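J.: pasting the sequence and the predicted model now:
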Amino acid sequence: MTPSITFAMVSFCLGLLGDGLNIFQGIYLVGLGWNEGAVGTALSLMGLTALIVQTYAGDIIDKTSLDRRVLMTIASLVTAGSAMAVMFVREGNTDHTLMYITKVLEGIASSFIGPCLAALTLASFGPHMFDSIMANNAFWGHVGSSISAILAGFTAYVYYPNIQYCFYVIGFSALSVYLFIQFLPEGDASLGRGFDNSDKLNESNKANNDMVAASYLSVFSERRTIVLCVTGFFFHLANANVLLVLGEIMGQDDSANDEQYNDDNDDGKANRAAIPLVAGAILLAQFTMSITTLIGGRLTDRGVGRKTIFLTGLITLPIRCALIIYWKDKGSAYLLSTQVLDGVAGGFFGLIHPFIVADITFGTGRFNVIMGLTASAFGLGATFSNFFGQMVVQHFGHVESLSGSLVISIIPILIFKCLMPETLNTRGQSAPSYRVSGQYTEIL
């Protein structure tokens, strides 16, 4: 296989391994007798752990002398093993410790996967081909997530109420990742860190890794880094709670109108009819992300700026919130269709994020740590979104929660529009690599 095909296959398998099955884990745990608070705590622990670990994980990936393919293999296997631990939970509201520990491990391990993939891509293809290969990786990752939702939803529906069989998808994904990672090229380790050694250093300097990384302060305080972090924070602060509220509204609609729904829930277990609805929500968003990623990649190839594409993704969020509010009584089909806008936002955001980080950091040797820092900022916004959004739902209602998301979603649009300069064709211009003697030197 060519390197580009190998990266596509790894991305596809990582998409299969994605955390979309957390929703099915929640359904399964409720069916075992867990209360909603315990389920929420278990599922949020992964995100909270990743929030703390991601920046450190990026820094480790920058500095490590270990083959990044080994790191990604270990991280993928630990992620899969931790996710499949849900199958060992016994009937009743017990085994909390098992789930809490494994979700923390899953959060730690998953924090290394994305940065490792980005670093290996940059190391193997360099700054000029990075955008097109990352776009291809993102596309196949979304395709993998779509297939994962189909397989999990189909298995859970067919074997209902024994929906735990859907988690075998995770095990299959882990084995596939392990298989294809072996064929990935290691590439130039210094290039994967974000050093610009393509034409500035002679061969002997490259062999000795005679470069110095920029200081943490210089890259953390860079204006574009701050703007990206703040933009992503407010976007996820507005966005993360929307799908949860959407599911609650659709559930209320089904509960009120579908007599079978009530029959299915007499024993407290998950509603069987809700399973394809959940899978459909994931599938529609991931399918749209796939198409959006292709479009975004083509636009990038034609020279369309990062700012235009990124703003397009941001603008879909207030429109989505407004449509959900307007269609809240129209039925699940109308509400489910709003996931198309979620796919557009997620597709453009996920595609352009690493492009901007590469533009900002290439030449500094701090590519992966800034990938981790920005991801942590996004995760912090998502964590606050779920907490405060559900508090508003509890005390005021679903419409009020969505209205709050709509208002907040305007903030990242204004920040990015007014404060973020265009970064296209700026890669490596602002922070050249410096040569030192014999080894990497860290300027703190």
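T.: Received it, and whenever you're ready, just let me know what you need. Values in this document were obtained by computation on a predicted structure and should not be read as measured data.
J.: the stretch 51-200 of the chain: strands as residue ranges?
T.: Using DSSP state E, counting those that start in this stretch, the stretch 51-200 of the chain contains no strands.
J.: list the buried residues of the helix or strand Val369 falls within.
T.: Using DSSP states H and E, Val369 sits within helix 367-395. In terms of neighbour count (16 or more other CB atoms under 10 Å), helix 367-395 has its buried residues at 367-383, 385-386, 388-390, 392-393. Yep, even glycine has a C-beta here, placed from its N, CA and C like the rest.
J.: list the contacts of Gly187.
T.: Gly187 makes contact with Leu120, Leu122, Ala123, Ser124, Phe125, according to CB atoms under 8 Å, 6 or more residues apart in numbering.
J.: buried ones among the residues you listed?
T.: For these, a neighbour count by 16+ other CB under 10 Å gives the buried set as Leu120, Leu122, Ala123, Ser124, Phe125.
J.: need the max-distance pair from the residues you listed.
T.: Spatially, the most separated pair among the buried ones among the contacts of Gly187 is Leu120 and Phe125, at 9.3 Å (CB to CB).
J.: quick one: the nearest residue to Ile410 once chain neighbours are set aside from Ile411, how far?
T.: Leaving out its chain neighbours, the residue that sits closest to Ile410 by CB to CB, 6 or more residues apart in numbering is Pro318, at 6.1 Å. Per CB to CB, to the nearest Å, Pro318 is found 10 Å from Ile411.
J.: same check on Leu341?
T.: In this view, Leu341 and Ile411 are 18 Å apart by CB to CB.
J.: same question for Val304.
T.: Counting by CB to CB, the separation of Val304 from Ile411 is 24 Å.
J.: of those two, which one has the most company?
T.: Using other CB atoms under 10 Å, the more surrounded residue of Val304 and Ile411 is Ile411, with 17 against 14.
J.: right, and the more buried one touches Phe234 too?
T.: Yes - with contact defined as CB atoms under 8 Å, Ile411 reaches Phe234; the gap is 4.5 Å.
J.: could you export the contacts of Gly187 as JSON lines, including distance to Tyr334?
T.: Shown next, in JSON lines, are the contacts of Gly187 (distance: CB to CB, whole Å):
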{"residue": "Leu120", "distance to Tyr334": "42"}
{"residue": "Leu122", "distance to Tyr334": "42"}
{"residue": "Ala123", "distance to Tyr334": "46"}
{"residue": "Ser124", "distance to Tyr334": "44"}
{"residue": "Phe125", "distance to Tyr334": "43"}
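J.: quick one: which of those residues sit in helices?
T.: Among the contacts of Gly187, the members found in helices (DSSP state H) are Leu120, Leu122, Ala123, Ser124, Phe125.
J.: can you tell me the closest non-neighbouring residue to the second one?
T.: Spatial nearest neighbour of Leu122, chain neighbours left out: Gly192 (4.9 Å); criterion: CB to CB, 6+ apart.
J.: ok, the first one next?
T.: Leaving aside its chain neighbours, Leu120 sits nearest to Arg68 (5.4 Å; criterion: CB to CB, 6+ apart).
J.: tally of neighbours for that neighbour?
T.: Count around Arg68 with other CB under 10 Å applied: 25.
J.: now it: how far from Ile108?
T.: Distance, Arg68 to Ile108, using CB to CB: 17 Å.
J.: secondary structure element for the nearest residue to Asp342 once chain neighbours are set aside?
T.: In this structure, Asp342 finds its nearest non-sequential neighbour in Ala285, 4.7 Å apart by CB to CB, 6+ apart. Element membership for Ala285, per DSSP H and E: helix 274-301.
J.: dihedrals phi and psi, Leu424?
T.: The phi/psi pair for Leu424 (degrees, to the nearest 10) reads phi -60, psi 140.
J.: neighbours around Lys417, how many?
T.: Other residues lying near Lys417 total 14 when counted by other CB under 10 Å.
J.: and His142, what does it touch?
T.: Applying CB under 8 Å, 6+ apart, we find His142 in contact with Gly15, Gln286, Phe287, Met289, Ser290, Thr293, Gly347.
J.: at 7 Å instead, please
T.: Going by CB atoms under 7 Å, 6 or more residues apart in numbering, His142 touches Gly15, Gln286, Met289, Ser290, Thr293.
J.: equivalent analysis for Thr6, please.
T.: Per CB under 7 Å, 6+ apart, neighbours of Thr6: Phe180, Phe183, Leu184.
J.: let's see 8 Å
T.: Taking CB under 8 Å, 6+ apart as the criterion, Thr6 is in contact with Phe180, Phe183, Leu184, Pro185.
J.: likewise Leu351?
T.: Per CB under 8 Å, 6+ apart, neighbours of Leu351: Met134, Ala135, Ala138, Thr292, Thr293, Gly296, Gly297, Thr300, Ile309.
J.: select from those residues the one having the most neighbours.
T.: Highest neighbour count within the contacts of Leu351: Gly296, with 29 neighbours (other CB under 10 Å).
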